[in-house]
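Trainee: got a predicted model here, sequence first, then my questions.
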Amino acid sequence: MAVRPLLRRAARLLAALLALAATLLAAGPARADFGTDYHDPFSVARPLARPDTRSCTVELMHDQPFSNGYGNPPDTPYATTLTPPAACRGPWSAVRLDLHGQVAGRQFDRLFTVRIGGVEVLLSSTPEPSAEGIEWRLERDLTRYAPLFDRPQPFAFDLANVTDATYTGVFRITASLTFFTTSARWPAARTADRLLTTGPFGLTVAAPSATTALTFPQNLERLTAEVYTRGGGACEEFAYASAPEEFVRANPGLGLCGKGPFRELTLSVDGRVAGAVWPYPVIYTGGWDPLLWRPIPGIAAFDLPAYRLDLTPYVGLLLDGRPHALGIAVNAAESQSNDLWTGQVNLFAEVDHGRARTEGALTDHRVAPAADVSTALTDQGGGNGHWTVTAARHDRASGWVQTSHGRVSTEVRDDLSFSSDQQLGAAGNELALHNRTDLTRSTATRGGGAPQVRSSHESDPLDVDYRYSRDAAGNTDQRTTMALGRHQEDTLRLGPLLVGRTTVDHSYRPSAHRHDGDTTVRTANAVEDYRSTGPDGGYHRTATTRDGWPVP
């Protein structure tokens, strides 16, 4: 992905930045921010737990360079074979993917994916380097993909970079998988029995949906989908800040992105909508102003979410041994060059080990084909405007499956809400944005044991204050302040008893100031805070940074 920094990207968002981008690009390579170096990227998020059992590590690539993903031949994807270690046979208590990257010079942020056996297991992005160079590390829990690891599998690491006389940064990546054996303290992880995948999809304004035919086990009992997706291109990467189409048409000179700030991807089974994904507003390390993300990346920028949907109510429709259509569609997308939504859907199938065939039915289906969206717009003239956009879903689906341990009924409920309040001022040169998404999903199961209810609540606030000015002498000034958050609570109830609860509260507040002309200013400050609770105990850590370095 040819990801652009703000000074080029935001030409679609705020017309005044066109002149600023032209000035910087015409001058050749920009001055190094924060001198010639900044601290290696890091986050205060809780590290993954590592079992103290015997383990085996398989290195899949070592210091592998990625410089030209569009060459002849391209250097991506890097392909090899993952052979699970004979000395640490499954079942495993945990499986961890570890990545180490290095890059120096000048380079955009780039997206990359990791696939094992054709199944996407990671969607991530890179930091933008300093002249002196940086390195970063990423760990990923791959335990739920354990069904892939019972035999050798193709491993593919896809990072499409571009280097030339100006953009010199070559990404060098090392990747390994560690398999942890079991113990009394670390028992075998419960995972699905089989994984299926749609393979990659791409959704555009001209082709907003895609469908894959899949055949499911005839003794299927539970089914969960996970959706990897991201918006790309000059507009869809910043869809959360897009303006209503009516305002864009009335103000063509501003060069704004349209279709409004709300995006949802719907998942369907044989043409029937079965759930919706509302993507988190991931901001990469070149977004808005690269200074904001040095050295702490935006929330989820290095580990994009895999959105999970419970499809168990639909199991009864999938047991005939025939192919069934799994569809994915996006509600809106801009038609600018490269604007699209890409991703992949994986399905985790749990089967009944006590019988060769199960049977079931979908008994209640009240899932809206599309979210209920409303827009209130005031065009204040002169390129100024104010709008609020809200969206909501209240969905329910129920079904049953007859298993070897009795009839199991499942009800899935989703209550989702979104709001965006945006004020565009100073003839398109100032933006105040306040977005919030609240997602509550629950699954109630009866039969085959004690009744249980699993609930998940997520709140995702995003605030942006952006101001740009250019005076008569040609001096430019740009100030950006943000507040990002991701707050989650997961609970498990057995009957009336609360038997499990985990929470995560993750917030990041960066600000940056750029000035060019009579003086040169490059400065930024940020505070990241992460706290969590759960069966492994509490965790809390905070970090403050200034001009690219941690503040003691």
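Mentor: Now that the structure is in, tell me what you want to look at. Values in this document were obtained by computation on a predicted structure and should not be read as measured data.
Trainee: distance between the ends of stretch 284-304?
Mentor: 10 Å (Cα to Cα, to the nearest Å).
Trainee: same thing with stretch 181-194?
Mentor: Terminal residues of stretch 181-194 are spaced 20 Å apart (Cα to Cα).
Trainee: could you give the mean pLDDT of that stretch?
Mentor: On average, the pLDDT along stretch 181-194 is 97.
Trainee: next, the buried residues of that stretch.
Mentor: For stretch 181-194, the neighbour count (16 or more other Cβ atoms under 10 Å) marks 181-182, 186, 189, 191-193 as buried. C-beta: built from backbone N, CA, C; applies to glycine.
Trainee: what does stretch 537-551 give?
Mentor: 543, 545, 547-548.
Trainee: what about the strands in the stretch 51-200 of the chain?
Mentor: 55-66, 78-82, 94-103, 111-116, 119-125, 134-141, 153-159, 171-180, 194-203 (DSSP state E, counting those that start in this stretch).
Trainee: could I get the ones you listed as a markdown table with distance to residue 402?
Mentor: Converted to a markdown table, the strands of the stretch 51-200 of the chain look like this (distance: least, Cβ to Cβ, whole Å):
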| stretch | distance to residue 402 |
| --- | --- |
| strand 55-66 | 41 |
| strand 78-82 | 37 |
| strand 94-103 | 33 |
| strand 111-116 | 34 |
| strand 119-125 | 29 |
| strand 134-141 | 33 |
| strand 153-159 | 34 |
| strand 171-180 | 36 |
| strand 194-203 | 20 |
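Trainee: wait, which of these is closest to residue 215?
Mentor: The minimum distance between residue 215 and the strands of the stretch 51-200 of the chain falls on strand 194-203, with 8.4 Å, by Cβ to Cβ.
Trainee: report the angle between that closest one and strand 111-116.
Mentor: Computed by axes from the mean of the first three to the mean of the last three Cα atoms, to 10 degrees, the angle separating strand 194-203 from strand 111-116 equals 150 degrees.
Trainee: among the buried residues of stretch 181-194, which lie within helices?
Mentor: Using DSSP state H, no member of the buried residues of stretch 181-194 falls in helices.
Trainee: tell me the one among those residues nearest to residue 136.
Mentor: When the buried residues of stretch 181-194 are ranked by distance to residue 136 (Cβ to Cβ), residue 189 comes first, at 27.2 Å.
Trainee: next up, the contacts around the closest one.
Mentor: With contact set as Cβ atoms under 8 Å, 6 or more residues apart in numbering, residue 189 has these partners: 91-94, 143-144, 146.
Trainee: which of those lies closest to residue 386?
Mentor: Closest approach to residue 386 among the contacts of residue 189 (Cβ to Cβ): residue 144, at 43.9 Å.
Trainee: sorry, back to before: dump the contacts of residue 189 to JSON lines, plus neighbour count.
Mentor: Converted to JSON lines, the contacts of residue 189 look like this (neighbours: other Cβ atoms under 10 Å):
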{"residue": "91", "neighbour count": "14"}
{"residue": "92", "neighbour count": "26"}
{"residue": "93", "neighbour count": "21"}
{"residue": "94", "neighbour count": "22"}
{"residue": "143", "neighbour count": "18"}
{"residue": "144", "neighbour count": "20"}
{"residue": "146", "neighbour count": "21"}
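Trainee: and of the strands of the stretch 51-200 of the chain, who's closest to residue 475?
Mentor: It's strand 134-141; of the strands of the stretch 51-200 of the chain, that one is closest to residue 475 (Cβ to Cβ) at 30.8 Å.
Trainee: packing partners of the closest one?
Mentor: Strand 134-141 sits against strand 94-103, strand 119-125, with contacts defined as 3 or more Cβ pairs under 8 Å, 6 or more residues apart in numbering; DSSP states H and E.
Trainee: which among those strands is found nearest to residue 275?
Mentor: Of all the helices and strands packed on strand 134-141, it is strand 119-125 that lies closest to residue 275, at 18.2 Å by Cβ to Cβ.
Trainee: which elements pack onto that closest one?
Mentor: By 3+ Cβ pairs under 8 Å, 6+ apart, strand 119-125 packs against strand 94-103, strand 111-116, strand 134-141, strand 194-203, strand 220-232, strand 340-351.
Trainee: just give the nearest non-adjacent residue to residue 187, would you?
Mentor: In space, and not counting its chain neighbours, residue 187 is closest to residue 93: 6.5 Å by Cβ to Cβ, 6 or more residues apart in numbering.
Trainee: that neighbour: what's it in contact with?
Mentor: Residue 93 neighbours (Cβ under 8 Å, 6+ apart): 51, 53, 143, 180-183, 186-189.
Trainee: now with 10 Å?
Mentor: 49, 51-53, 55, 143, 179-183, 185-189 (Cβ atoms under 10 Å, 6 or more residues apart in numbering).
Trainee: could you do residue 49 as well?
Mentor: 93-94, 96, 141, 180, 186, 536.
Trainee: who's in contact with stretch 536-552?
Mentor: With contact meaning Cβ under 10 Å, 6+ apart, stretch 536-552 is reached by 33-35, 37-39, 42-47, 49, 130, 134, 291, 294-296, 502-505, 507-510, 512, 522-533.
Trainee: which among the residues you listed end up buried?
Mentor: 33-34, 37-39, 43-46, 130, 134, 291, 294-296, 504-505, 507-510, 512, 522, 524-532.
Trainee: among the residues you listed, which are in strands?
Mentor: Members of the buried ones among the contacts of stretch 536-552 lying in strands (criterion: DSSP state E): 134, 504-505, 507-510, 512, 522, 524-532.
Trainee: wait, doesn't residue 386 sit right on residue 430?
Mentor: No - assessed by Cβ atoms under 10 Å, residue 386 is found out of contact with residue 430, at 12.0 Å.
Trainee: what's the overlap in contacts for the two?
Mentor: Shared contacts of residue 386 and residue 430, counting by Cβ under 10 Å, 6+ apart, come down to 423-424.
Trainee: any chance of the helices and strands packed on strand 134-141 in TSV, plus mean pLDDT and distance to residue 206?
Mentor: Output for the helices and strands packed on strand 134-141, formatted as TSV (pLDDT from 0 to 100; distance: least, Cβ to Cβ, whole Å):
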stretch	mean pLDDT	distance to residue 206
strand 94-103	98	35
strand 119-125	98	24
